[in-house]
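Peer 1: structure for this input, please:
(chains A and B)
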Amino acid sequence: MNKIRTRIAPSPTGVLHMGTARTALVNYLFAKKMGGEFLIRIEDTDKERSTKEFETNILDGLDWLGLQHDALSRQSEDLKHHTDAIAKLIESGAAYESEEDSKREEGKKVTIVRLKNPGKKITFNDLIRGDVTFDTTDLGDFVIARSVTDPLYHLAVVVDDERSKITHVIRGEDHISNTPRQILIQEALGYERPLYAHLPLILGEDKSKLSKRHGATSVDDYKEMGYTKDAFLNYLALLGWHPTDEQEIFTLVELVKEFDIARVQKGGAIFSVEKLDWINKHHIEKLSDEAYFVGLDLSEIITLPQYSDERMSMVLPLVRERLHKFGDFEHEEIAFFFDTPTYKTENLLFKGKGDIADTKKHLEHVRKTLSELGNDAWSDTEVLKASIWDYASEVGRGDVLWPLRYCLSGRDKSPDPFTILPILGKEESLKRIDTALEDIV
RNA sequence: GGCCCUAUAGUCUAAUGGUUAGGACGCCAGGUUUUCAUCCUGGAAAUCGGAGUUCAAUUCUCCGUAGGGUCACCA
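Peer 2: Numbers count the residues shown, from 1 in each chain, chains lettered A, B, ... in the order given. Reported below is the predicted structural model:
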């Protein structure tokens, strides 16, 4: 049996789109699952629109995602094989040259090459959709080259897929109507027909094909927002595919193991950033400390006056559980661990209500209790909690705990006071409570 | 408009010719020893419509309807 070979064939006329990434992922999963090879072919026959920058962006993006290819080629480098094929088609009478008015340049005559359409019905078996039939008569004698030396997409694709022995052409549903043309060219050239699989499209909120007007669509966009590559891949895999069980969080390796093209959905799927966020959160949880640290941008934090690596190592886990993506991280969230916070005295009041004198009384009590605790106690969240819990329960937890937490963090939302206390340490904690006390007149 | 594809909650999906139609995201409510987040529990929410086949259809067939894709000397 022939070795399975799939390919992704992006044209370098734009940055890496998530639709291309998804197609690449499925091609990769299918090939690897079957012990085959995954190739990349840059489709740069349109010299006017293709750029090296886009090519680099696409390759870098695929590389970032970890979709390693077994071979890389550029369509433009295979020009000789294309022109050979054109010559062969003309010679056999399957195609012919035709002098016509140029559609690209006004008032100019050009000699293009058209395929002599046999005008028959073509049925191909799609791995995802089953038999699909087209009457190619509707296509007419379509153009396959701008000239005998200048091939067009359909011709080039067919020749290249044949040359690189592609066994399965897995691509977006938007290519489904291109398939009969390509089969016609294959037959005229005497090639074997590969197997086809047309993936459902990724849709925007309005159910139309995802495009720029829907917002962020490039892989770069998601990378910059702070999604991990594994989460992005994970989500893309789940858009239009589902494993046999109910697992939702996957690594690339696990996806390869579970993937089955027969379970790919037929209908398009709307892209949901909420679900992506949820998946990303799970992937962030699984990250190693090193990878997690790299993902965060700590540049503003490490310049703070009381910054220390030791303290940071205690703070980081607190941030982790509340993060959906790295882009959500704001250094203000943890800056108070390294620098004295500023705050409004009135915010010391629980829910903005209550008596400031009572609040002061509670804080004084808490300060006294805490100050009498030794170093051992100060390193133990549970002991600290136990030391003031009874008092807090008696007079009202919120009335005690809220001002304590607020004077330590200076923030409406933060981890609880018993988590903050040990990290700041006795000296710093008492100092912040004293500052708050002094502010209350 | 021609051709082609598709159709289970708001979204992603599972399932079988016979089920209380399952899970997840999101949403709502309650709880987890103050807030936010996390976590837990509970809840609302779906088989596009009509025929046909069948003892039985969400599942098979046909016809509608709706949505989408594509109709280049782009890829």
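
Peer 1: and the closest residue to A:Leu437 other than its chain neighbours, how far is that from RNA strand B?
Peer 2: Nearest residue to A:Leu437, sequence neighbours excluded (C-beta to C-beta, 6 or more residues apart in numbering): A:Leu363, at 5.8 Å. The C-beta positions use only the backbone N, C-alpha and C, and glycine is treated the same way. For A:Leu363, the distance to RNA strand B equals 13 Å [C-beta to the nearest atom of the strand, to the nearest Å].

Peer 1: residues in contact with A:Leu363?
Peer 2: Neighbour list for A:Leu363: A:348, A:403-404, A:407, A:433, A:436-437, A:440 [criterion: C-beta atoms under 8 Å, 6 or more residues apart in numbering].

Peer 1: same thing but at 7 Å, please
Peer 2: A:403-404, A:433, A:436-437 (C-beta atoms under 7 Å, 6 or more residues apart in numbering).

Peer 1: just checking, A:Ser50 touches A:Asp44?
Peer 2: Yes: checked against C-beta atoms under 7 Å, the pair A:Ser50 and A:Asp44 is within contact range at 4.1 Å.

Peer 1: spit out the residues that contact the two alike.
Peer 2: Common contact partners of A:Ser50 and A:Asp44 (C-beta under 7 Å, 6+ apart): A:11-12.

Peer 1: so A:Cys407 is in which element?
Peer 2: In this assignment (DSSP states H and E), A:Cys407 forms part of helix A:397-409.

Peer 1: report the buried residues of that helix.
Peer 2: A:399-409 (16 or more other C-beta atoms under 10 Å).

Peer 1: which elements pack onto that helix?
Peer 2: Helix A:397-409 is packed against helix A:356-371, helix A:381-395, helix A:417-424, helix A:426-439, with contacts defined by 3 or more C-beta pairs under 7 Å, 6 or more residues apart in numbering; DSSP states H and E.

Peer 1: let's go with 10 Å and repeat that
Peer 2: helix A:332-335, helix A:356-371, helix A:381-395, helix A:417-424, helix A:426-439 (3 or more C-beta pairs under 10 Å, 6 or more residues apart in numbering; DSSP states H and E).

Peer 1: want to throw those helices into a markdown table with distance to A:Tyr153?
Peer 2: Shown next, in a markdown table, are the helices and strands packed on helix A:397-409 (distance: least, C-beta to C-beta, whole Å):
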| stretch | distance to A:Tyr153 |
| --- | --- |
| helix A:332-335 | 50 |
| helix A:356-371 | 73 |
| helix A:381-395 | 64 |
| helix A:417-424 | 60 |
| helix A:426-439 | 67 |
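
Peer 1: and the two most separated of the buried residues of helix A:397-409?
Peer 2: Pairwise distances across those peak at 17.2 Å for A:Asp399 and A:Ser409 (criterion: C-beta to C-beta).

Peer 1: please parse chain A into its domains.
Peer 2: Structural domains assigned to chain A are A:5-202, A:212-286, A:289-335, A:345-439, following automatic domain parsing.

Peer 1: would you turn these into a markdown table with mean pLDDT?
Peer 2: As requested, the domains of chain A are arranged in a markdown table below (pLDDT from 0 to 100):
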| stretch | mean pLDDT |
| --- | --- |
| domain A:5-202 | 96 |
| domain A:212-286 | 95 |
| domain A:289-335 | 91 |
| domain A:345-439 | 91 |
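
Peer 1: near RNA strand B, which residues of the stretch 151-300 of chain A are found?
Peer 2: A:152-154, A:156, A:173-178, A:200-201, A:203, A:206-209, A:238-242, A:244, A:246, A:248, A:263, A:265-270, A:272, A:274-275, A:277-278 (C-beta under 7 Å from any atom of the strand).

Peer 1: show me the residues you listed that map onto helices.
Peer 2: Of the positions in these, A:153-154, A:156, A:238, A:274-275, A:277-278 sit in helices, assigned by DSSP state H.

Peer 1: good, wrapping up.
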